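S.K.: any chance you can model this:
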Amino acid sequence: MPLVAASKHRVNRATSYQLIYSFRPQKNGIYPEAGLLDVNGTLYGTTASGGLSGKGTVYGIGTSGVPKVLYRFRGGSDGSEPQSALLNVNGTLYGTTAYGGSSNAGTIYSISTSGTESVVYSFKGGADGANPVAGLVDVNGTLYGTTSAGGGSGCYGGAGCGTVFSVGASGQESVLHRFTGGADGAVPVAELIDVNGVLYGTTAQGGKCGGKSGDCGTVYTITPAGTEKVLYAFRGGTDGEAPTAGLIDMNGTLYGTTYQGGQSGSDCGGSCGTVYQISPAGAEKVIYRFADGTDGAAPQAELIAVNGVLYGTTTGGGDVGSCFQFHGNCGTVFSVTTAGVETVLYRFVGGTDGWSPLAPLTNLNGTLYGTTVHGGVRDVCCHTYGYGTIFSVSP
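M.R.: All right, here's what the predicted structure looks like:
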């Protein structure tokens, strides 16, 4: 049974917010769903759409807000719709695209900071997996990741429930595990982390809700040899449900968020999301339950740790603005201590400041940088939701 945190107090205070860049259609890219990567003071990221062909971009931007598009995807063999953050390996950036490639099932690609893009692996959409939406992790020169679909039967009308894979420098891909959609989990949409040579991840579905009916998601481990073990199967109640975010390791304890579950909220059907911790042995403890008020709702992004405090984003909640999305309102940036004290750092209003932050934050010299998938510049005639922003928050 999950342990329940005693402390879940909420403290709110004003924080310094700054708009760094507002995405403008079309060539610079639109809809940044991924977080930012700091490489020597330059922030690198991806947009899921826009560019010259509407298939997404890779960009770099300084903290002063001057962007440079490194690459515009064409939607063919080079890939299409990158939704994941980038990974820096010895100065070369690596990422995934959800579509495109030889079979339109997604790619793994590399790109130099000068904009030279190469496809490392093109998914076939069968046993090898399909539609990677998560970033990659480097373990001793081998890249590991997940695909949200493919791998075998079950899920998506028999297209498969997702995989964990590895790929070497030569582009040779190996599947470590094919999810069945049962107790082992299904639909891994978050990136893995490496803890002492063992990979940890989450699945947004599967797990059978701790033995009950339904699909509430899991936390799992997998070795580089492919031995998968479910650490915890969410029950869909106070313990949380649907972990779309990956994990972070802080002093040997893992922390993450669930998109749903937790406690009752008037606007989210009693399922507003959680922040939880889990031991490597599988003991889960909820440290904060979102109440869908001013504290935020529906976190989808990984947490980051800065000086022992956890920081993250929620896609909804905040009780400011009206952004026409599940869980209501426009989203927040928050911090939470390991003791369960939550602080809202910023509430998005859904205008030029942005709304619906899907991605994790990036710490650069004590300032937190992030993206919102909507908001910013709006076209009154055509697109009233905006095309996304890059912002900073100073805790």
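
S.K.: could you check the pLDDT of the residue nearest the centre of the chain?
M.R.: Taking CA atoms, centre = their mean, the centroid of the chain lies closest to A301, which sits 4.3 Å from it. What the model reports for A301 is a pLDDT of 97.

S.K.: again, but for N28
M.R.: 89.

S.K.: just to revisit the earlier point, so how far is V189 from the residue nearest to the centre of the chain?
M.R.: Computed as CB to CB, to the nearest Å, the A301 to V189 distance reads 11 Å. No exception for glycine: its C-beta is placed from N, CA and C like everyone else's.

S.K.: which residue sits closest to the residue nearest to the centre of the chain, ignoring its sequence neighbours?
M.R.: P360 (4.3 Å; CB to CB, 6 or more residues apart in numbering).

S.K.: residue contacts, that neighbour?
M.R.: Neighbouring residues of P360 by CB atoms under 8 Å, 6 or more residues apart in numbering: G35, A85, A245, A301, E302, L303, I304, G312, T313, G370.

S.K.: again, only this time at 6 Å
M.R.: Residues near P360 by CB atoms under 6 Å, 6 or more residues apart in numbering: G35, A301, E302, I304.

S.K.: likewise A301?
M.R.: A245, G312, T313, A359, P360.

S.K.: phi, psi for it please.
M.R.: With angles defined as degrees, to the nearest 10, A301 sits at phi -110, psi 160.

S.K.: again, but for K208
M.R.: Dihedral angles (degrees, to the nearest 10) for K208: phi 60, psi 30.

S.K.: so what's it up against?
M.R.: A183.

S.K.: and if you look at the one 10 residues further on?
M.R.: The contact partners of T218, by CB under 6 Å, 6+ apart, come to G185, T203, G206, G207, V230, A233.

S.K.: dump those residues to CSV, plus secondary structure.
M.R.: Below are the contacts of T218 laid out as CSV (DSSP: H, G, I helix; E, B strand; the rest coil):
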residue, secondary structure
G185, coil
T203, strand
G206, coil
G207, coil
V230, strand
A233, strand
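
S.K.: pLDDT weak spots in the stretch 251-395 of the chain?
M.R.: 264-270, 292, 320-322, 324-328, 379-384 (pLDDT under 70).

S.K.: re earlier: and the furthest pair within the contacts of T218?
M.R.: Using CB to CB, the pair of the contacts of T218 lying farthest apart is T203 and A233, separated by 9.6 Å.

S.K.: the more surrounded of these two?
M.R.: Between T203 and A233, T203 has the larger neighbour count (other CB atoms under 10 Å), namely 32 against 26.

S.K.: of the contacts of A301, which belong to helices?
M.R.: Among these, no member is found in helices (DSSP state H).

S.K.: now these as TSV including distance to A291?
M.R.: Shown next, in TSV, are the contacts of A301 (distance: CB to CB, whole Å):
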residue	distance to A291
A245	19
G312	16
T313	17
A359	23
P360	22
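
S.K.: scan the residues you listed and report the most crowded one.
M.R.: T313 (32 neighbours).

S.K.: ok, G79 touching G100?
M.R.: Yes - between G79 and G100 a contact is recorded at 3.9 Å, counting by CB atoms under 6 Å.

S.K.: now do the shared contacts for these two.
M.R.: T107.

S.K.: need the strands for the stretch 251-395 of the chain, in chain order.
M.R.: Shown for the stretch 251-395 of the chain, the strands assigned by DSSP state E, counting those that start in this stretch span residues 253-258, 274-278, 284-289, 304-306, 309-314, 332-336, 342-347, 362-364, 367-372, 389-394.

S.K.: among the ones you listed, which is nearest S64?
M.R.: Judging those by CB to CB, what sits closest to S64 is strand 389-394, at 11.0 Å.

S.K.: which residues are contacting that closest one?
M.R.: With contacts defined as CB under 6 Å, 6+ apart, strand 389-394 is touched by 15-22, 333, 345-346, 354, 367-372, 375-376.

S.K.: what about 8 Å?
M.R.: So strand 389-394 is contacted by 15-23, 32, 36, 43, 45, 61, 63, 65, 333, 345-346, 352-354, 361, 366-372, 375-376 (CB under 8 Å, 6+ apart).
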